[in-house]
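Visitor: okay, here's the prediction I keep looking at, along with the sequence it came from:
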Amino acid sequence: MKRLIPVVSSLDRESALDRFQREVVDLLPRLRRLARAMARDFADADDLVQLCVERALGRRDQWRPGSRLDSWMFRIMKNAWIDETRARTRTSRVIELGLEAEHIADGRVATMELRLEASAAERALAELPQDQRLAVALVLIDGLSYREAAEVLEVPMGTLTSRLVRGRMALQARLEGAEI
């Protein structure tokens, strides 16, 4: 017995594609509303809608006919927004670090007095006992939280706090008595 294999004409494929595209276009107002709620900025929302539609069209083969197109596209938009916010966070950190590095590396920006103060602070920090120096460096210089610094040093949080207090007081005393 011969099986009949359904023949899908190119006309059927085109009409299915046209239908998919029409449904995407019909969703645009809803996509815009959701994007504006996510981005809180009209320009960012428009960019998000465009990215969502581009991804949907590019991944059209992943959509299952018969399932809800709106839910599928909303998931694409949510994931695109998550990707975008993560990228912005990374980019802003890199830009901020780059701007800070420009000012630090440029000797013309820092005055002689600031350089001498920094040198005195560096010497005062170097004179601290190692446990205090590490606590000060991790919390005040590297910006770790007390909990993170305690974990790095493998000490209880109370121990870290007392080392930090003693280190700050010693630094302040040395810097107030330092001649610049």
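Guide: Done, it's in.
Visitor: I'd say residue 30 and residue 69 touch.
Guide: No: using C-beta atoms under 8 Å, residue 30 is not in contact with residue 69, being 10.6 Å away. C-beta coordinates here come from the backbone N, C-alpha and C atoms, glycine included.
Visitor: spatially central residue for this structure, please.
Guide: residue 89 (2.8 Å; C-alpha atoms, centre = their mean).
Visitor: quick one: which of residue 30 and residue 69 has more around it?
Guide: residue 69 (17 against 12; other C-beta atoms under 10 Å).
Visitor: what is the neighbour count of the closest residue to the more buried one other than its chain neighbours?
Guide: The spatial neighbour of residue 69 that comes closest, neighbours along the chain excluded (C-beta to C-beta, 6 or more residues apart in numbering), is residue 23 at 5.2 Å. Neighbour count for residue 23, taken as other C-beta under 10 Å: 13.
Visitor: swap in residue 134?
Guide: Quick note: residue 134 (other C-beta under 10 Å) scores 19 neighbours.
Visitor: just the element for it, please.
Guide: According to DSSP states H and E, residue 134 maps onto helix 130-136.
Visitor: how about residues contacting that helix?
Guide: Contact partners of helix 130-136, identified using C-beta atoms under 8 Å, 6 or more residues apart in numbering, comprise 125-126, 128, 149, 153, 160, 163-164, 166-168, 170-171.
Visitor: ok, of these, which one's closest to residue 82?
Guide: Set against residue 82, the nearest of the contacts of helix 130-136 by C-beta to C-beta is residue 149 (30.0 Å).
Visitor: identify the residues contacting the closest residue to residue 159 other than its chain neighbours.
Guide: Among residues not flanking residue 159 along the chain, residue 150 sits closest, at 7.4 Å (C-beta to C-beta, 6+ apart). Residues in contact with residue 150 (C-beta under 8 Å, 6+ apart) are 156, 157, 159, 160.
Visitor: turn those residues into a markdown table, columns for secondary structure.
Guide: Shown next, in a markdown table, are the contacts of residue 150 (DSSP: H, G, I helix; E, B strand; the rest coil):
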| residue | secondary structure |
| --- | --- |
| 156 | coil |
| 157 | helix |
| 159 | helix |
| 160 | helix |
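Visitor: who wins on neighbours among the residues you listed?
Guide: That'd be residue 160 among the contacts of residue 150, by other C-beta under 10 Å, with 24 neighbours.
Visitor: that one against residue 149, yeah?
Guide: Yes: counting by C-beta under 8 Å, residue 160 touches residue 149, with 5.6 Å between them.
Visitor: what do these two both touch?
Guide: Contacts common to residue 160 and residue 149, judged by C-beta under 8 Å, 6+ apart, are 135, 139.
Visitor: what's the burial count for residue 161?
Guide: 16.
Visitor: nearest spatial neighbour of it, skipping sequence neighbours?
Guide: Residue 161's closest residue in space is residue 146 (C-beta to C-beta, 6+ apart), at 6.4 Å.
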